[in-house]
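**Q** What follows is a predicted structure for the sequence shown.
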Amino acid sequence: MAGRNLLDKVWDLHAVRELPGGQTQLFIGLHLIHEVTSPQAFAMLREMSREVRFPSRTFATVDHIIPTRSHARPLADPLAEAMLVALERNTAAAGIPLFDPASGKQGIVHVIGPELGLTQPGMTIACGDSHTSTHGAFGAVAFGIGTSQVRDVLASQCLLLSRPKVRRIEVGGKLARGVYAKDVILSIIRALGVKGGVGFAYEYAGPVLDAMSVEERLTVCNMSIEGGARCGYVNPDALTFEYLRGREFAPRGDAFERAVQWWRGIASDPDAHYDDRVALDGDRVAPSVTWGINPGQSVGVDERLPRPADAPDAERSGLEEAYGYMDLRAGEPVAGTPIDVAFIGSCTNGRISDLREAARVAQLGKVAPGVKALVVPGSHAVAQQAEREGLPEIFRAAGFEWREPGCSMCLAMNPDKLVGREMCASSSNRNFKGRQGSPTGRTLLMSPAMVAAAALRGHVIDVRELL
Amino acid sequence: MAERIERIVGRGCVLRGDDIDTDRVIPARFLRCVTFDGLGEHAFEDDRKQAKGDHPLDVARFAGAEILIVGRNFGCGSSREHAPQALQRRGFRAFLGASFAEIFAGNCTALGLPCATLEAADLARLMDAVEADPEQEITLDLEASRVHCRAGSFAAHIAPGAREQLLQGSWNATAVLLEAGERIERTAASLPYLSGFET
């Protein structure tokens, strides 16, 4: 009999019962909430006269709407202030810990979960945010949910779900200098498509993933949803365990050693069964740039933009729509595309290692005239570490703005927005039409180092030319 | 228990295009709210402004439609339930398409809104037929897993779990989940990370 993969092991451990339609009632070990998708869930709970069933397993922070110039209260936007007040009231009434700016632990929900040690191998993790897949980097089964499901978790600590299939994606070889985790996941999505992962959990593996730091694995798992996979994970290993040691919510002392034993056993067996397998050559991954309106529309920075005529019939109209929106030309090199804004941050690339790589590039020059460049750390902890390392000074000296932590211009629910047709080199995760706050704004996704390089030159450039 | 949803009958609105994400369905700036009230008027707001009255949600021939007919991977991207909430508040009660993003489809089920997929050729015929004759009544029969209209009758697939929930009236999952009672606590107690890794 074939061995079992991590998803099956974690799923079976958390299954409360099976339902007639084939769905599982799955216990959720860790529930994370934020101000955007939770107020309606608490309201529904009140309408049902229900209490939060496991308040000790839900943790809250504020990230989407928080302004990045200042976290001072009241927030200037009355709608944002009302959302934060609702979160404060709801969490206080239920006894749910809230990591707000005053706590010193605030940050993007997918940045603080790992850094506080809340995210651990073998857990089921849910949050009303599609980038919850991020937490899979620890070998957790983590996925985004809607607000009605947030209500379900608050009321029962469970969800009704169908078990996904598992696709193992092995990235072989070794990444070249100047190639990052962001380039790996953009290449995977380009190869498998933005809906290739629907119905699947992605297990990322192989020498490239083995060699990645935990933070790099977080970047890869973060964008699973951009490939259609609700959940993506990496099997836990020694790097995972060392990352967790000493974190606030990680087990301590003898319990940590017992935890490591259990975590090891959660990893996929060497002979595990998979529903599908895909291999990718890490040696061939180039610094990648999206040019279109979905994250699958990317090219290596040394490539030219694809011609719709060369595309399969089913994709042609999508390419034409993307060219129409982006005002870019098929057949042209992506390098040289002028930018107006550079954004470094987000749950994809707002961690300390991302800021270090961007700073390494930023210190080589000055932001090009006419380019607005901002750096938004993913959390207070990231910001504090960056300050200890002198990174804000490096960024400021180069002409970048250094801001307070939050989601910021990834989705522009706060005041950080593109204006008009601005073109933004962005380390975030989505290049959808209007995503960065202007209904006609344009996004080019790339690694933080590539964003920094584009900021210095005023156009897309291969970061390897600068390093 | 919620209402049993066995069939949806109504006129269709054809929204062509693949990979339509939830940021387009409801741009993020409209998520600055603590209730879902009023979201309906902002559904597809930016697309509609750019189409200057020519968007399927604005054209007279689709006015009053209750079934939205879409392409591949509809509802991809953000998990925001605000997207189906906005479309529901605009009057849509079912979605027919080539495929749906997983979180969007799950959110729809939680609201009692079926998402049914059709084979590519059937969907193309349905889209053409509804554009040519938008007055025709469309029936999504969940029991039979079929779509009927003047243009013909087509097989329609709904994910088995979701179909069961809609047909049984158990799509508001909270009540179903709470039926498990103490089994929830027993499962929690069996998890090593909730008991100091003593077990």
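**A** The structure has been received and is ready for your questions.

**Q** ok, which residues in the stretch 251-400 of chain A are in contact with chain B?
**A** Residues of the stretch 251-400 of chain A that fall close to chain B, judged by CB under 8 Å from any CB of the partner chain: A:251, A:255, A:258-259, A:262, A:294, A:314, A:317-318, A:321. Every C-beta, even on glycine, is put in place using the N, C-alpha and C of the backbone.

**Q** how many neighbours does residue A:193 have?
**A** 17 (other CB atoms under 10 Å in any protein chain shown).

**Q** Tell me the confidence at it?
**A** As predicted, residue A:193 sits at a pLDDT of 96.

**Q** Correct me if wrong: it contacts residue A:226.
**A** No: checked against CB atoms under 8 Å, the pair residue A:193 and residue A:226 is beyond contact range at 10.4 Å.

**Q** ok, back up a step: can I get the residues of the stretch 251-400 of chain A next to chain B in TSV including pLDDT, neighbour count and secondary structure?
**A** Converted to TSV, those look like this (pLDDT from 0 to 100; neighbours: other CB atoms under 10 Å in any protein chain shown; DSSP: H, G, I helix; E, B strand; the rest coil):
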residue	pLDDT	neighbour count	secondary structure
A:251	97	22	coil
A:255	97	16	helix
A:258	97	16	helix
A:259	98	23	helix
A:262	98	17	helix
A:294	97	26	coil
A:314	83	12	helix
A:317	90	15	helix
A:318	92	22	helix
A:321	95	18	helix
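
**Q** quick one: the residue in chain B that chain A sits nearest to from residue A:411, how far?
**A** Nearest to chain A, among the residues of chain B, is residue B:164, at 3.0 Å (CB to the nearest CB). Using CB to CB, to the nearest Å, residue B:164 is found at 34 Å from residue A:411.

**Q** residue ranges with poor pLDDT in chain B?
**A** For chain B, applying pLDDT under 70 flags the ranges B:1, B:199.

**Q** Skipping adjacent residues, who's closest to the residue of chain B closest to chain A in space?
**A** With CB to CB, 6 or more residues apart in numbering or on different chains as the criterion, residue B:164 has its nearest non-adjacent residue at 3.0 Å, and that residue is residue A:21.

**Q** Doesn't the one you found belong to a helix?
**A** No: using DSSP: H, G, I helix; E, B strand; the rest coil, the assignment for residue A:21 is coil, not a helix.

**Q** Could you check the pLDDT of it?
**A** For residue A:21, pLDDT reads 82.

**Q** Around it, count how many other residues there are.
**A** If we define neighbours as other CB under 10 Å, then residue A:21 has 18 of them.

**Q** how about it, what does it touch?
**A** B:160-165 (CB atoms under 8 Å, 6 or more residues apart in numbering or on different chains).

**Q** Which ones among these map onto helices?
**A** B:160-165 (DSSP state H).

**Q** re the thing from before, settle it for me: which of residue B:164 and residue A:411 has more neighbours?
**A** More neighbours surround residue A:411 than the other of residue B:164 and residue A:411, with 27 against 18 (other CB under 10 Å).

**Q** Tell me who's in contact with the closest residue to the more buried one other than its chain neighbours.
**A** Counting by CB to CB, 6+ apart, residue A:411 lies nearest to residue B:28, which is 4.6 Å off, once chain neighbours are set aside. Neighbouring residues of residue B:28 by CB under 8 Å, 6+ apart: A:64, A:411-413, A:435, A:437, B:78.

**Q** ok, now how distant is residue B:28 from residue A:439?
**A** Residue B:28 is 11 Å from residue A:439, by CB to CB.

**Q** likewise residue A:90?
**A** 32 Å.

**Q** try residue B:55
**A** Residue B:55 is 13 Å from residue A:439, by CB to CB.

**Q** Could you do residue B:81 as well?
**A** In terms of CB to CB, residue B:81 sits 22 Å off from residue A:439.

**Q** which one of those two has more residues nearby?
**A** Comparing residue B:81 with residue A:439 by other CB under 10 Å, the one with more neighbours is residue B:81, at 31 against 16.

**Q** The biggest strand by length in chain B near chain A anywhere?
**A** Longest strand in chain B, counting residues (DSSP state E): strand B:7-14. No: under the criterion of CB under 8 Å from any CB, chain A is not reached by strand B:7-14; the shortest gap measures 14.7 Å.
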